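Novice: model the following, please.
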Amino acid sequence: MSTTASLKCKYCEKYNEVDACFFDDFMTSNKINLSFHCGICGKDNIYSNLTQSELEEIINPSSELERQAEFLGISAAKLSAYVYPPDVMKEADLDRRKIRGLSIKEYLKSCRQSYPKKEGQNWWLVYQLKTLDAVVFFRRDFKSYRLLDGKGISLEFGNIIELGDYVRERI
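Specialist: Here you go, the predicted model:
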């Protein structure tokens with residue numbers, strides 16, 4: 001897999017993905033010569049003796065987030081909403097195994113969020129308990145949980161077992 005750069009066509013002003021190896025092959029004395037065929041308008045673009053600043057004008061100024069989103073095939077807005085440490089859900093899933101009783105484990109598994117959502121400084125939304133009209137937040141550093149019900153009442157649990165016992169009594 002080669003590295004590409006998004007370059008602007010000088011005729012239609014649309015961006016094209018161009019193999020970045022062209023930069024190395026044609027770079028002499030801080031001047032860059034490159035050419036590419038525009039896949040949109042069909043015209044050949046030839047650039048001779050470009051300086052660094054001239055090159056920056058034709059390169060698409062996409063952010064790192066946009067490049068990651070494009071690589072993953074999703075929108076940048078969607079990716080920015082789901083930026084999270086990849087092990088938050090894994091830790092919550094592994095923690096759930098400690099609960100006594102298969103029915104509560106299965107219930108929490110069915111209420112599991114696909115992606116955790118960061119809430120506040122260190123809390124992550126991991127479960128949405130529909131039958132209790134509540135949400136559960138997980139704090140990774142202390143392995144503690146906080147349940148927030150629909151009335152705005154917040155209860156904190158020191159571990160998943162306490163949360164499991166509380167949920168078992170209410171469903």
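
Novice: in this structure, which spans are strands?
Specialist: Assigned by DSSP state E, the chain shows strands spanning 4-8, 15-19, 27-28, 31-37, 44-50, 112-119, 123-129, 134-139, 144-149, 154-157.

Novice: pick out the shakiest of these, pLDDT-wise.
Specialist: The minimum mean pLDDT among these belongs to strand 27-28 (a mean of 53).

Novice: pLDDT at Arg97, what is it?
Specialist: Value listed for Arg97 in the pLDDT field: 93.

Novice: actually, Lys78.
Specialist: On pLDDT, Lys78 comes in at 77.

Novice: residues contacting the closest residue to it other than its chain neighbours?
Specialist: Nearest residue to Lys78 in three dimensions, chain neighbours excluded: Ala69, at 7.3 Å (CB to CB, 6 or more residues apart in numbering). All C-beta atoms are positioned from the backbone trio N, CA, C, and that covers glycine. For Ala69, the contacting residues are 75-76, 78-79, by CB atoms under 8 Å, 6 or more residues apart in numbering.

Novice: which among those count as buried?
Specialist: Among those, the ones that count as buried by 16 or more other CB atoms under 10 Å are 76, 79.

Novice: on that earlier part again, which one of the strands of the chain lies nearest to Glu91?
Specialist: Closest approach to Glu91 among the strands of the chain is made by strand 134-139 (7.4 Å; CB to CB).

Novice: please point out which parts of that closest one sit buried.
Specialist: Neighbour-count burial for strand 134-139 [16+ other CB under 10 Å]: 134-138.
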